[in-house]
Structure formats: C-alpha cells, structure tokens
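Novice: Predicted structure and sequence below. I'll ask about it afterward.
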Amino acid sequence: MSNYKIDKDNKYQTVVQIRDLDGYDFRPRNKVNQINVSKVTIIDNLMIDKILTVKFDRTFKKLIALAMRVLNDDDASDDDVRIVLDEEKLIKEILQNRYAKYIRHEKELLFLKKLKVIENEMRMKQIAIKKKAIYLEELEREKSKGRGR
C-alpha cells in the first residue's frame with residue numbers, strides 16, 4: 001500500500017507519491033459507501049492540533065459527566081471515585097504519551113490543568129467518603145456500647 005500526499009491549489013490538484021509521511025495517523029469512520037478509506041495521515045500541524053483538541057474535548061466531556069455523577073451522589077462509594085480517577089489517569093497518559101508531539105505545549109498544559117482540577121475534586125470526594133465512614137463507624141460503636149454497669 002502506498003501513501004499519497006494531495007496538494008491542492010486554485011487551479012490544479014497534484015498527487016505526489018510519498019513513502020513515509022510524518023504526521024498524525026487515524027482511522028476515519030466511513031460514512032460514504034463510494035470511497036473506502038482505511039487510514040489518514042495529516043501533516044498540517046494546525047489541522048492536527050484542531051482534530052486532537054476536538055477529540056480531547058469529547059473525551060473530557062465524558063469524564064466530566066462521570067465525575068459529576070459521582071460528586072452529586074451522596075451514596076457514592078470509594079470504588080466510584082477510583083473509577084473516575086483511573087479514567088482521568090488514562091486520559092492524562094494518552095495526552096502525554098500519544099498526543100504530546102502533535103499539540104502545542106500551551107494547549108497540553110491547559111488540558112493537564114483541566115484534568116488536575118477533576119483529580120483534585122475526586123480526591124476531596126474520596127476524603128469526604130472516608131470521613132463519613134469513620135463517623136458512621138464511631139456512631140455504631142457508641143450505640144453498641146450502651147450504658148453498661
């Protein structure tokens with residue numbers, strides 16, 4: 001299989017065969033039956049930045065929805081908080097390992113700050129859950145202790 005670079009100007013479209021394109025690779029969702037595209041490589045840095053920003057925002061919105069469900073649930077357990085923290089860690093690792101060479105450094109720092117805010121909120125929720133468990137345990141001990149003489 002060959003890789004191609006398509007250059008387009010106002011009058012002509014030229015196709016130049018190139019073996020190794022250095023850029024961001026992804027597999028598009030095929031919605032058109034006439035053309036079957038299995039892999040696309042984008043070499044324009046601005047376009048790569050925009051695509052990865054949209055991709056990160058979509059993933060980040062899902063993480064926020066999950067985090068809000070846990071934060072607003074009074075009966076949330078420590079396991080629920082851990083699930084959100086694991087998702088946050090996974091997204092952070094993908095951002096740092098896979099996307100770092102394609103996006104601008106300022107944008108990467110902005111994304112990491114957003115993830116850090118969610119992590120901090122989840123840690124505070126985790127502490128609140130532990131405090132509640134300790135309080136309920138002490139209450140239970142006092143009830144079972146009773147007025148013994």
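Specialist: Now that the structure is in, tell me what you want to look at. No experiment lies behind these values; they were computed from the predicted model shown.
Novice: so which helix or strand takes in Lys50?
Specialist: helix 45-72 (DSSP states H and E).
Novice: Quick one: mean pLDDT for that helix?
Specialist: For helix 45-72, mean pLDDT rounds to 92.
Novice: what's the answer for stretch 78-96, then?
Specialist: 94.
Novice: Would you mark the buried spots in the helix holding Lys50?
Specialist: 48-49, 51-53, 56, 60, 63, 66-67, 70-71 (16 or more other CB atoms under 10 Å). Backbone N, C-alpha and C define where each C-beta goes, glycine included.
Novice: ok, and what's touching stretch 129-147?
Specialist: 76-78, 81 (CB atoms under 8 Å, 6 or more residues apart in numbering).
Novice: and the two most separated of these?
Specialist: Distances among the contacts of stretch 129-147 were taken as CB to CB; the most separated pair is Ala76 and Asp78, at 8.3 Å.
Novice: between these two, which one's more packed in?
Specialist: Ala76 (17 against 12; other CB atoms under 10 Å).
Novice: Using CSV, please lay out the buried residues of helix 45-72 together with distance to Ile103.
Specialist: Shown next, in CSV, are the buried residues of helix 45-72 (distance: CB to CB, whole Å):
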residue, distance to Ile103
Ile48, 8
Asp49, 5
Ile51, 10
Leu52, 5
Thr53, 7
Phe56, 8
Phe60, 14
Leu63, 18
Leu66, 23
Ala67, 23
Val70, 28
Leu71, 28
